[in-house]
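J.: Need coordinates for the below:
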Amino acid sequence: MSEHRIDQKVLSDLQEVMEDGYLQLLETFLEDSEHRINQLHGAKDASELGMTAHSFKGSSSNMGAAALAELCRQLEERVRQQPLCGIEDLIHRIDLEYLEVQRFYQGERERVSAG
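T.: This is a model prediction of the structure:
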């Protein structure tokens with residue numbers, strides 16, 4: 001996993017602040033992200049897509065998933081423009097990035113659980 005995807009400083013700060021709650025935070029983020037990915041795919045209009053992208057951007061950013069947050073930001077901006085071409089490509093890129101992020105945070109969860 002390349003370093004630019006995950007902001008390690010954000011993660012270490014979170015771990016310091018959350019202490020025992022860090023594991024729960026990881027699990028909540030993974031569950032929440034699955035839900036948001038499904039929302040992106042099921043969005044009925046640009047407004048719903050924009051709101052989902054916005055909230056996914058926020059949670060990703062808070063968790064240090066910098067590249068994922070950036071893709072969500074791009075999608076949020078893109079849905080404000082007509083016509084809505086290129087949206088599928090962005091959602092696909094978000095899907096791919098999320099798979100990497102998910103793998104990373106699952107590994108992080110296992111590391112913390114074992115510790």
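J.: After the host helix or strand of His35, which helix or strand is next?
T.: In this assignment (DSSP states H and E), His35 forms part of helix 22-42. Sequence order places helix 46-62 as the next helix or strand after helix 22-42, per DSSP H and E.
J.: Quick check: nearest residue in space to Ser59, chain neighbours excluded?
T.: In space, and not counting its chain neighbours, Ser59 is closest to Asp32: 5.9 Å by Cβ to Cβ, 6 or more residues apart in numbering. C-betas here are computed from N, CA, C, even on glycine.
J.: Point out where the chain drops to low pLDDT.
T.: Counting by pLDDT under 70, the ranges of the chain that qualify are 1-4.
J.: In it, which residue is most central in space?
T.: Ser60 (3.8 Å; Cα atoms, centre = their mean).
J.: That one and Gly115: what is the separation?
T.: 24 Å (Cβ to Cβ, to the nearest Å).
J.: Go through the protein and flag its longest helix.
T.: The residue-count maximum for a helix in the chain (DSSP state H) belongs to helix 87-114.
J.: And it, what does it pack against?
T.: helix 22-42, helix 46-62, helix 66-78 (3 or more Cβ pairs under 8 Å, 6 or more residues apart in numbering; DSSP states H and E).
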